[in-house]
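**Student:** Pasting the sequence and the predicted coordinates here, then a few questions.
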Amino acid sequence: LLQPHQTSSNKWDTERRLGHCTNVPRNMNMESLQNGYLFPEICMRELEHNRKYPHAKLIRLGIGDTTHPLPPIITSAMAQHVYGLSTVQGYRGYGAEQGNMELRKAIAETFYNDLGVKGSEIFVSDGAQCDISRLQMLMGCDVMMAVQDPSFPAYIDTGVIIGQAGKFMEETGKYQNIVYMNCSPENNFFPDLSNTPRTDIIFFCSPNNPTGVEFARANGSIIIYDSAYAAYITDDSPKSIFEIPDARQVAIEISSFSKFAGFTGVRLGWTVVPEELLYSNRYPVIKDFNRVVCTCFNGASSIAQAGGLACLSPEGYLALNGVIDTYRENAKIIFDTFASLGFKVYGGKNAPYIWVQFPGLRSWDVFAEILEKAHVITVPGRGFGPGGEEFIRISAFGDKKGVLEASRRLRNLFK
Ligand SMILES: Cc1ncc(COP(=O)(O)O)c(CN[C@@H](CCC[C@H](N)C(=O)O)C(=O)O)c1O
């Protein structure tokens with residue numbers, strides 16, 4: 001009998017030719033993922049372009065990464081914390097996995113004042129993207145989720161990795177066992193819930209719909225509401241889902257310091273899990289999320305949390321609102337550029353992204369043409385789901401000079 005470590009002669013041949021491999025089977029969910037994750041793919045295309053045009057002055061309006069330096073009141077708070085770490089009285093080891101209670105309370109007061117959210121319902125994290133993964137781990141593989149199409153790719157990709165998705169259907173570009181809620185100009189980019197089947201989880205990243213809560217309540221679903229861009233809302237849309245009555249019984253809210261505070265590299269976010277949110281067996285979701293956080297996450301960096309507290313100080317918050325205004329001005333420049341060229345343009349008013357329609361065209365082709373001829377990086381809408389085909393997303397997070405130059409180049413390209 002062959003011993004476990006022994007193999008047939010053809011395995012020896014393969015080993016000799018291709019080198020050793022283990023006997024560990026690959027997680028088949030990883031096999032189901034399509035291509036690479038969207039944003040590293042954009043980075044790859046940028047690298048290829050730089051190699052082809054080493055002297056081109058590339059303008060990056062693709063990945064939604066902030067560019068404005070942090071206000072000194074915030075960096076000095078982090079620096080002070082860092083220097084404190086070199087003293088006996090200032091040194092801090094592991095903090096609470098749920099986050100520094102002072103910061104939890106400051107988040108509650110700043111974003112959820114009179115909405116009934118308590119500091120103890122806020123879990124500070126290393127970012128919304130990371131919390132999406134932890135929430136998927138919390139929900140497990142035996143649930144069905146609905147996601148807006150198009151939407152931030154992490155919702156679907158983490159669902160695939162955790163095992164919620166069925167087979168990927170090439171012809172539709174969708175996974176089985178996931179409900180894609182189409183969002184298009186025809187429905188003002190919010191799904192017609194009356195035609196949406198019941199699912200256990202519903203990911204929303206859209207400020208403008210109170211019926212989402214009623215729909216979830218009627219279906220016994222849990223909404224995971226992503227308010228990463230709430231600071232950019234300029235109309236009377238709710239900035240938090242907890243502004244909507246009964247949301248505490250159906251919704252979890254994730255958010256981030258990335259986009260309103262420029263903490264994309266510092267890494268700080270939070271998740272709100274209301275105490276009233278119960279599973280079908282009436283067990284509180286907050287208790288399980290706390291268990292996931294304590295088991296899988298040792299808390300956000302104390303340095304980032306010191307910075308987060310400074311962001312929420314009156315002076316810090318005022319300084320950050322000034323930065324957000326510069327990004328909003330960028331969004332207007334980009335929006336007006338495409339509108340003046342006769343394109344159907346969306347967004348830019350409640351978010352720092354512009355969504356431009358190119359009817360009948362494949363978005364990766366439009367992405368490639370704008371990169372090749374204008375040396376401007378965008379994001380093809382298809383990267384956010386099949387519903388994003390024919391669209392391009394342009395980020396307003398660039399610096400003003402770059403945005404003005406990109407506007408000039410795009411006018412030249414599409415005039
Ligand atoms: C709707 C929504 N929710 C959460 C996030 C991530 O927030 P986080 O920074 O983790 O607190 C984002 C960030 N998205 C950006 C950055 C993407 C590139 C980053 N490497 C990533 O893969 O998330 C983009 O759409 O260009 C988002 O759009």
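**Tutor:** That came through, no problem.
**Student:** Return the residues of the stretch 51-200 of the chain in contact with the ligand.
**Tutor:** 63-64, 127-129, 152 (C-beta under 6 Å from any ligand atom). In short, each C-beta sits where N, CA and C put it, glycine included.
**Student:** Any regions of the chain where pLDDT drops low?
**Tutor:** 1-8, 207-211 (pLDDT under 70).
**Student:** quick one, helices of it?
**Tutor:** 9-18, 28-32, 38-52, 72-84, 101-111, 128-139, 154-162, 211-219, 258-261, 285-296, 302-311, 314-340, 363-374, 400-414 (DSSP state H).
**Student:** so can I have JSON lines of those helices showing mean neighbour count and distance to V273?
**Tutor:** JSON lines is the format used below for the helices of the chain (neighbours: other C-beta atoms under 10 Å; distance: least, C-beta to C-beta, whole Å):
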{"stretch": "helix 9-18", "mean neighbour count": "10", "distance to V273": "47"}
{"stretch": "helix 28-32", "mean neighbour count": "12", "distance to V273": "25"}
{"stretch": "helix 38-52", "mean neighbour count": "14", "distance to V273": "27"}
{"stretch": "helix 72-84", "mean neighbour count": "16", "distance to V273": "27"}
{"stretch": "helix 101-111", "mean neighbour count": "18", "distance to V273": "12"}
{"stretch": "helix 128-139", "mean neighbour count": "22", "distance to V273": "9"}
{"stretch": "helix 154-162", "mean neighbour count": "21", "distance to V273": "17"}
{"stretch": "helix 211-219", "mean neighbour count": "18", "distance to V273": "15"}
{"stretch": "helix 258-261", "mean neighbour count": "24", "distance to V273": "20"}
{"stretch": "helix 285-296", "mean neighbour count": "16", "distance to V273": "4"}
{"stretch": "helix 302-311", "mean neighbour count": "23", "distance to V273": "19"}
{"stretch": "helix 314-340", "mean neighbour count": "17", "distance to V273": "24"}
{"stretch": "helix 363-374", "mean neighbour count": "18", "distance to V273": "35"}
{"stretch": "helix 400-414", "mean neighbour count": "17", "distance to V273": "38"}
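**Student:** so what's R362 closest to, chain neighbours aside?
**Tutor:** E389 (6.6 Å; C-beta to C-beta, 6 or more residues apart in numbering).
**Student:** Name all residues that make contact with the one you found.
**Tutor:** 362-363, 381-382 (C-beta atoms under 8 Å, 6 or more residues apart in numbering).
**Student:** Would you check how far apart the residue lying closest to Y83 once chain neighbours are set aside and V82 are?
**Tutor:** Spatial nearest neighbour of Y83, excluding adjacent residues (C-beta to C-beta, 6+ apart): G90 at 7.3 Å. From G90 across to V82, the span is 9 Å (C-beta to C-beta, to the nearest Å).
**Student:** same check, this time on L135
**Tutor:** 31 Å.
**Student:** one step back: quick one, phi/psi of the residue nearest to Y83?
**Tutor:** Note on G90: its backbone torsions stand at phi -90, psi -10 [degrees, to the nearest 10].
**Student:** So what's the residue count around it?
**Tutor:** G90 has 12 neighbouring residues, counting by other C-beta atoms under 10 Å.
**Student:** cool, and S313?
**Tutor:** Residues near S313, counting by other C-beta under 10 Å: 15.
**Student:** quick one: it from V273, how far?
**Tutor:** In terms of C-beta to C-beta, S313 sits 26 Å off from V273.
**Student:** Same check on R92?
**Tutor:** From R92 to V273 the distance is 25 Å (C-beta to C-beta).
**Student:** Please identify which of the two sits among more neighbours.
**Tutor:** V273 (27 against 13).
**Student:** Name the nearest residue to the more buried one, ignoring sequence neighbours.
**Tutor:** In space, V273 is closest to I286, 4.3 Å off (C-beta to C-beta, 6+ apart).
**Student:** For that neighbour, give me its contacts.
**Tutor:** Neighbours of I286 in contact, by C-beta under 8 Å, 6+ apart: 121, 273-275, 277.
**Student:** With P284 instead?
**Tutor:** With contact taken as C-beta under 8 Å, 6+ apart, P284 is in contact with 275, 277-278.
**Student:** interface residues of the stretch 251-400 of the chain facing the ligand?
**Tutor:** 256, 258, 264, 269.
**Student:** Export those as JSON lines, with columns for distance to Y225.
**Tutor:** Output for those, formatted as JSON lines (distance: C-beta to C-beta, whole Å):
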{"residue": "S256", "distance to Y225": "13"}
{"residue": "S258", "distance to Y225": "16"}
{"residue": "T264", "distance to Y225": "21"}
{"residue": "G269", "distance to Y225": "13"}
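**Student:** Looking at the residues you listed, state which has the most neighbours.
**Tutor:** Neighbour-wise, those (other C-beta under 10 Å) top out at S256, 26 neighbours.
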